[in-house]
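Trainee: sequence first, then the predicted structure, then my questions.
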Amino acid sequence: AQSVTQLDSQVPVFEEAPVELRCNYSSSVSVYLFWYVQYPNQGLQLLLKYLSGSTLVKGINGFEAEFNKSQTSFHLRKPSVHISDTAEYFCAVIETSGSRLTFGEGTQLTVNP
Amino acid sequence: DTGVSQNPRHKITKRGQNVTFRCDPISEHNRLYWYRQTLGQGPEFLTYFQNEAQLEKSRLLSDRFSAERPKGSFSTLEIQRTEQGDSAMYLCASSLMTGNSPLHFGNGTRLTVT
């Protein structure tokens, strides 16, 4: 079975600073990887996904993530954050032949002025 | 695409009562999922349907929980004899049938059991 570890539960940064949210996964088979964002009292919104091909994927709101198979990582980055990026971010994995999406425990990103 | 709709948004109930939540998925999506999310945690898988068939259930889904998707469209999640530990956000999501199709989530139903 697959699993996801988000290495930081909270990441505080200043506005316009770069940020990296770390995600490692574990699976014995090929996987698809996703990052979702959740604003307070809302559902999850897809930021980006890695299915195959280029290991650098770009998503909405200026976010990007890099798939590293050897390190089983899928870290999320943004070169310059805004106050509005304050939210909870979830990394998720699904086996390519599977149907159950498994989430990490989330990283709370707080952008301070 | 009107998105995934969940009702009600909030539900407060007393311990021991039964509650039912409804989810209306995106119309062309074959798969429908239920997840539970407690404060400070990631969503935990409960169950999923492919069309009207319930294909997988988590061990988290005790006998007090039942989910249905009678016509392969909307779904209901019922919790019988609620307990305080059932307090959580219940999220519904839908997707196309392929494994690489991302899940689209509703805004959830927040259950508080007093």
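Mentor: That came through fine.

Trainee: for the residue nearest the centre of chain B, pull up the helix or strand it's in.
Mentor: Among the residues of chain B, the one closest to the centroid is B:W34, at 3.2 Å (CA atoms, centre = their mean). According to DSSP states H and E, B:W34 maps onto strand B:31-37.

Trainee: measure the residue nearest to the centre of chain B to A:F74 for me?
Mentor: Remark: distance between B:W34 and A:F74 (CB to CB, to the nearest Å) = 25 Å. For the C-beta atoms, the positions are set from N, CA and C on the backbone; glycine is no exception.

Trainee: quick one, strands of chain B?
Mentor: B:5-7, B:10-13, B:19-24, B:31-37, B:44-50, B:53-57, B:65-68, B:75-79, B:88-95, B:104-105, B:109-113 (DSSP state E).

Trainee: coming back round to it: chain A versus the closest residue to the residue nearest to the centre of chain B other than its chain neighbours, what's the distance?
Mentor: Nearest in space to B:W34, with sequence neighbours left out and distances taken as CB to CB, 6 or more residues apart in numbering or on different chains, is B:L46 at 4.3 Å. Per CB to the nearest CB, to the nearest Å, B:L46 is found 10 Å from chain A.

Trainee: report pLDDT for B:L46.
Mentor: At B:L46, the pLDDT value in this model is 96.

Trainee: isn't it up against B:E56?
Mentor: No - when contacts are counted by CB atoms under 8 Å, B:L46 is not listed as touching B:E56 (9.5 Å).

Trainee: where does the chain have low pLDDT?
Mentor: Assuming you mean chain A. Of all residues in chain A, none has pLDDT under 70.

Trainee: actually it's chain B I care about, not the one you picked
Mentor: Applying pLDDT under 70 to chain B flags the ranges B:1, B:99.

Trainee: close to chain A: what parts of it are there?
Mentor: B:4, B:6, B:31, B:33, B:40-45, B:48, B:50, B:55-56, B:91, B:93, B:99-100, B:102-108, B:110 (CB under 8 Å from any CB of the partner chain).
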